[in-house]
Structures are given as structure tokens and as C-alpha cells.
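> This is a predicted model, with the sequence first.
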Amino acid sequence: MPTTIYHNPNCGTSRNVLAMLRQAGEDPEVIEYLKNPPSRDLLQQLLDMMGLTPREILREKGTPYHELGLGDPKLSDDELLSAMMEHPILINRPIVVTDKGAALCRPSEAVMALLPEGAVGLYTKEDGEVVGSASKD
């Protein structure tokens, strides 16, 4: 299974995750999900793979979350998915899929669980924080 990242190049976390994947030797398929959003069926498959609900991947900051009243606990998963289909910016990112599974990689170092142990080594995030561990060479 090829590694895939649902990516927003304007997001620092997403940029960090993409860089960590590449540092680990991966050549991921990069899907800019704001330009090419996943279908409803694919998004549901990703949620199932991650073991998350639509509410758990809703993004509030910089989105129409509040204007659409998406904080209402009475809204169904189906209604939340419909909102994400209409406004892909509501889908939190980055979502990464590897042969080890899928995850919403927030914080960015969550991607390490989807890669072979030590594959990333040490990585310095855009904010200067160093994550990972020295490789076992």
C-alpha cells in the first residue's frame, strides 16, 4: 500500500509531517485535500481506519464551524460528513495512511507510529522543536 498524506501546504503541522515522511525514506502520494477532497465514501473509510468519528476530525480554527453551528451535539455523523463534503476546510489535517494504518497526525510526531521504528530519526520541526530519536545505526 503506498503511503498517502491528505495535505494542506499552508499548515505547518502538515508540512512537518510531509517532511518527516520524506526523511523516513517515504515517497508519499500527496493529496492537497482542499483542491481534491476525498469522496464521502473515502472519508468514511479513513474514519473507520483511524477509529474516529466525524466530530473527532472536525477543524474549528479558520473554518465555518461556528457559523454552521457544528458544535451542536444533536448533529448526526451524517450531517457532519455532509458539512465536510461542502466545506473540506472542516476536515482536520494531515491524515496519513501507510501499510501500518491511518491517523490524524496532530501533533506531527504522531506520524512516527505509522512508520518503522526509528525511520525518521531526529527531526527538527519548523518551530525548532526536535522530535524523534537517533537511529540505531
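Yes, it's here.

> Do a quick rundown of the helices in the chain.
Secondary structure of the chain (DSSP state H): helices located at 12-23, 40-50, 77-86.

> TSV please, covering these and showing mean pLDDT and mean neighbour count.
(Each C-beta comes from the backbone N, C-alpha and C, glycine too.) Converted to TSV, the helices of the chain look like this (pLDDT from 0 to 100; neighbours: other CB atoms under 10 Å):
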stretch	mean pLDDT	mean neighbour count
helix 12-23	97	20
helix 40-50	97	15
helix 77-86	98	16
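
> Now tabulate the ones you listed in a markdown table and tack on distance to Gly101.
Listed next are these as a markdown table, based on distance: least, CB to CB, whole Å:
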| stretch | distance to Gly101 |
| --- | --- |
| helix 12-23 | 14 |
| helix 40-50 | 6 |
| helix 77-86 | 21 |
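
> Kindly state which of those helices is positioned closest to Leu122.
Proximity to Leu122 (CB to CB) singles out helix 12-23 among those, at 9.2 Å.

> If I look at the closest residue to Val97 other than its chain neighbours, what pLDDT would I see?
Leaving aside its chain neighbours, Val97 sits nearest to Thr4 (4.5 Å; criterion: CB to CB, 6 or more residues apart in numbering). With respect to pLDDT, Thr4 scores 98.
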